[in-house]
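J.: got a structure for you, letters missing:
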């Protein structure tokens, strides 16, 4: 399977998570989200970021030939994907890295905190960024796939 095919599969999985999040977002609001919806939102936001990160790790491993491995590898991966190299253009824009860093910060919080501490009013701003972040991520990653196809490396 080519790298472009693997990325496309990752984008399809990313779309499924986005669709599931959309359904949750449409059912909730800042005043109606209960503990079940809040817990679901936390888990789905975690999955949303994880799907993006899986694609970026794939590119780092298979195209760049290395993944960051330090304690701060998640942030380093975003920075690696935002940097142009001798072999590829930047995969992500600096603006998208800034937004994805917010999702990464939430992911770290979610993995280390009790669900009891999560509040919908704190999640709502991040939930509002899901749609635009999805579209921007999908678009920028598809640009990288076009780069692969143009080089005949798809």
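T.: On my side now, so go ahead. Please read these numbers as outputs of a predicted model, since none were measured by experiment. Numbers count the residues shown, from 1 in each chain.
J.: can you pull out the strands in this protein?
T.: Counting by DSSP state E, the chain yields no residue ranges for strands.
J.: In the worst-scoring helix or strand of the chain on mean pLDDT, which residues are buried?
T.: None of the helices or strands of the chain scores lower by mean pLDDT, DSSP states H and E than helix 120-128, at a mean of 85. By neighbour count with 16 or more other Cβ atoms under 10 Å, helix 120-128 contains the buried residues 120, 123-124, 126-127. C-beta coordinates here come from the backbone N, C-alpha and C atoms, glycine included.
J.: What is the nearest of those to residue 42?
T.: Residue 42 has its nearest neighbour among these in residue 123, at 6.9 Å by Cβ to Cβ.
J.: Enumerate every residue touching that closest one.
T.: By Cβ atoms under 8 Å, 6 or more residues apart in numbering, residue 123 lies in contact with 33, 38, 41-42, 45.
J.: Turn those residues into JSON lines, including distance to residue 113, neighbour count and pLDDT.
T.: Listed next are the contacts of residue 123 as JSON lines, based on distance: Cβ to Cβ, whole Å; neighbours: other Cβ atoms under 10 Å; pLDDT from 0 to 100:
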{"residue": "33", "distance to residue 113": "18", "neighbour count": "22", "pLDDT": "73"}
{"residue": "38", "distance to residue 113": "12", "neighbour count": "19", "pLDDT": "84"}
{"residue": "41", "distance to residue 113": "14", "neighbour count": "23", "pLDDT": "87"}
{"residue": "42", "distance to residue 113": "9", "neighbour count": "19", "pLDDT": "89"}
{"residue": "45", "distance to residue 113": "13", "neighbour count": "23", "pLDDT": "93"}
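J.: which two in the buried residues of helix 120-128 are spaced the farthest apart?
T.: Farthest-apart pair in the buried residues of helix 120-128 is 120 and 126; separation 10.8 Å (Cβ to Cβ).
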